[in-house]
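In: Attaching a predicted model along with its sequence, questions to come.
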Amino acid sequence: PALRSEAALFHLPALPRQTPLFIYGAGHVARALVPRLGGLGFEIFLVDIDQSRFPDRLDGAAQMLLAKSPETIALHAPEAAVHLVMTHSHALDEAICLQLLTRGDFAFLGLIGSKTKRARFVSRLGAAGIGPAMLDLLTCPIGIDEINGKSPAHVALSIAAQLAIWQELRDAEA
């Protein structure tokens with residue numbers, strides 16, 4: 001958009017809309033992930049139940065949300081947001097996933113874990129009333145297969161790569 005003044009014409013840059021990305025759990029992987037998401041077009045919200053888990057500095061890369069019930073954040077998150085679930089607790093992970101899958105209006109839902117964790121969650125979430133089509137939208141384990149290191153840095157890089165690939169596929173479909 002252009003603004004006219006008596007002395008000059010200013011062109012303001014149009015900033016592309018950022019996709020809201022909620023990371024539930026501010027542990028080692030989340031702290032390694034946030035810097036790797038820079039420049040990918042996400043507005044990042046780091047959610048945890050314990051203030052002490054947040055990094056000392058985020059340098060504006062993410063907003064910290066302290067929440068006694070992170071599943072409430074999931075309930076009120078904007079439509080078409082990206083959600084990455086990686087808390088310290090399987091029960092909390094399950095509660096967040098249940099909330100998001102019940103809503104069903106997310107763009108991407110990733111859960112950190114193994115194929116065994118996925119099977120356990122699919123069974124429990126299915127018993128809670130989540131249908132097979134919605135359960136198919138749960139990406140677990142998250143990350144690309146080509147990066148399989150277990151350190152927080154490797155896991156974070158793998159997740160960031162998966163999100164970059166997901167963005168490219170989404171944009172190609174649009």
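Out: Structure's in. What do you need?
In: pLDDT wise, what is G110 at?
Out: Looking at G110, its pLDDT stands at 98.
In: any idea which element it lies in?
Out: strand 108-111 (DSSP states H and E).
In: Show me the longest helix that occurs in this protein.
Out: With secondary structure taken from DSSP state H, the chain has its longest helix at helix 152-173.
In: Show me which positions of that one end up buried.
Out: By neighbour count on 16 or more other CB atoms under 10 Å, the buried set for helix 152-173 is V155, A156, L157, S158, I159, A160, Q162, L163, A164, Q167. Where you see a C-beta, it was placed from the backbone N, CA and C, and this is true even at glycine.
In: what's near enough to touch the third one?
Out: Going back to what we said before, that points to L157. Counting by CB atoms under 8 Å, 6 or more residues apart in numbering, L157 makes contact with R36, I147.
In: Please report how far it lies from D105.
Out: Computed with CB to CB, to the nearest Å, the distance linking L157 and D105 is 29 Å.
In: M86: what's it in contact with?
Out: I23, Y24, G25, G27, V29, A30, D93, L111, I112.
In: and G104, what is it in contact with?
Out: With contacts defined as CB under 8 Å, 6+ apart, the neighbours of G104 are M134, L137.
In: Just the strands from the chain, written as ranges.
Out: Ranges of strands in the chain, per DSSP state E, are 2-4, 9-11, 19-24, 42-48, 63-66, 82-85, 108-111, 138-139.
In: quick one: which of those is nearest I130?
Out: For those, proximity to I130 was assessed by CB to CB; strand 138-139 is nearest, at 8.7 Å.
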